[in-house]
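Participant: My questions are about this predicted structure, shown below with the sequence.
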Amino acid sequence: GDSVTQMEGPVTLSEEAFLTINCTYTATGYPSLFWYVQYPGEGLQLLLKATKADDKGSNKGFEATYRKETTSFHLEKGSVQVSDSAVYFCALSVGYGGSQGNLIFGKGTKLSVKP
Amino acid sequence: DAGVTQSPTHLIKTRGQQVTLRCSPKSGHDTVSWYQQALGQGPQFIFQYYEEEERQRGNFPDRFSGHQFPNYSSELNVNALLLGDSALYLCASSFRDQPQHFGDGTRLSIL
């Protein structure tokens, strides 16, 4: 079945360091790919998305490129801030009836950024 | 513009009891999905409602049931609660092929 595998944390970085969180997927159809972020005590917020191969999603300095040949969607940011500390989830969805089908999530990667 | 709202925020129940969680979707959204997030894990899909019908269902037992009302709001019902049902329950809403927006969840604790 469809699945998402992402690097397990926790990941601890110093402020202004470069961030990479790896994510690979398995899907039978043509999935859309997402990164969601969860701050303590809150629900999930959509960070960025890509709907087809070679698309690049970007938001708030974060980027991820949909790589069909390597079935990957790695999250990157050039310079992290303390406020980026959160849990990051990679997810996929295969369309259903013209709508977005159910999301399949990875286990999450906890990021801590130290001043 | 209100986002997805869930109630209650926290809930404590005992084994064997029944619980109902509520969700109001973001304005303009007509599809509601429910997820269970165990501590330290990613959310797991329970089911999705569209036009008041269950459209998709994940690998959850029949103890988990739901409903969608004409105003698109939704309820999640869990019967015969088990200790393993303790989790954060997340509601997400969407419209057509747009990304799902999540509420802050209901934290359910089973004693």
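Facilitator: Sure thing, it's come through. These figures come from a predicted structure and were not determined experimentally.
Participant: alpha carbons only for contacts and neighbour counts from here, please
Facilitator: Fine.
Participant: so what's the residue most central in space within chain B bridging to?
Facilitator: The centroid of chain B falls nearest to residue B:34 when counting by CA atoms, centre = their mean (3.5 Å). Assessed by DSSP bridges, residue B:34 has beta-bridge partners residue B:47, residue B:91.
Participant: I'd like to know how far the nearest residue to residue A:27 once chain neighbours are set aside sits from residue A:94.
Facilitator: Excluding the flanking residues, the one nearest residue A:27 by CA to CA, 6 or more residues apart in numbering or on different chains is residue A:2, at 4.5 Å. Distance of residue A:2 to residue A:94, computed by CA to CA, to the nearest Å: 9 Å.
Participant: With neighbour numbers in mind, choose between the two.
Facilitator: In terms of neighbours (other CA atoms under 10 Å in any protein chain shown), residue A:94 is the more surrounded of residue A:2 and residue A:94; the figures are 19 against 13.
Participant: looking at it, the more buried one is touching residue A:26, isn't it?
Facilitator: No - between residue A:94 and residue A:26 there is no contact under CA atoms under 8 Å: 11.3 Å.
Participant: From the structure, what's the count of residues near residue B:11?
Facilitator: Neighbour count of residue B:11, defined by other CA under 10 Å: 15.
Participant: Does it touch residue B:108 like I think?
Facilitator: Yes - the pair residue B:11 / residue B:108 is scored as a contact, 4.9 Å apart, by CA under 8 Å.
Participant: give the contact list for residue A:72.
Facilitator: Residue A:72 sits next to A:22-25, A:65-66 when contact means CA atoms under 8 Å, 6 or more residues apart in numbering or on different chains.
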